[in-house]
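Q: give me a 3D structure for the following:
(one chain, ligands or ions: 1)
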Amino acid sequence: MTETCLFCRIAAGELPAHRLYEDEAILAFLDLHPVREGHALVIPKAHHVWFEDLPVDLATRVTTCAQTLARAMKRLYGVPRVAMVYTGIHVPHAHAHVVPMHHVHDVTSRAYLNDGLDGFSAPPQLPAERMAQIADGLRAAL
Ligand SMILES: [Zn+2]
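A: Predicted coordinates for the structure are as follows:
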């Protein structure tokens, strides 16, 4: 763990998050700036910057958790597909985005290209009460 890493601090319980699942090695929680409601992040609890550097067993656990979340999201939201994406943007701690896809461009950021190719606006935050409802629904669906 690094003291300044946002996701290490969330994993350690020092910062709040809408937690969906955790075990001794991984944690899933809601993204604070969801592309779509239910947009989750799955992280290893250990600090690794890049997903390609994750030990195979840890990468497998992240993917298995994302698969479970994806099945729950399809049931809950009725979406035809769920994306899992490692982007390496914003927080330098490997994290897989798991996004219920209501539109084929939900993970291609086309909606945010109004900022220009070099710009990127974070999607707006949802009210804490709505986030808690979403987390409750996803946890119950796992
Ligand atoms: Zn970290």
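
Q: how far off centre is the biggest helix by length in the chain?
A: Among all segments of the chain classified by DSSP state H, the helix with the greatest residue count is helix 56-77. How far helix 56-77 lies from its chain's middle: 11 Å, per C-alpha atoms, centre = their mean, to the nearest Å.

Q: who does the following helix or strand past it pair up with?
A: Following helix 56-77 in sequence order, the next helix or strand is strand 81-86 (DSSP states H and E). On the basis of DSSP bridges, the sheet neighbours of strand 81-86 come out as strand 96-101 (antiparallel).

Q: tell me the mean pLDDT over the partner strand?
A: What strand 96-101 shows for mean pLDDT is 96.

Q: following element in sequence after that strand, please.
A: Sequence-wise, the next helix or strand beyond strand 96-101 is helix 128-141, with elements assigned using DSSP H and E.

Q: quick one: buried residues of that following helix?
A: Residues of helix 128-141 classed as buried: 131, 134, 135, 137, 138, 141 (neighbour count, 16 or more other C-beta atoms under 10 Å). Backbone N, C-alpha and C define where each C-beta goes, glycine included.
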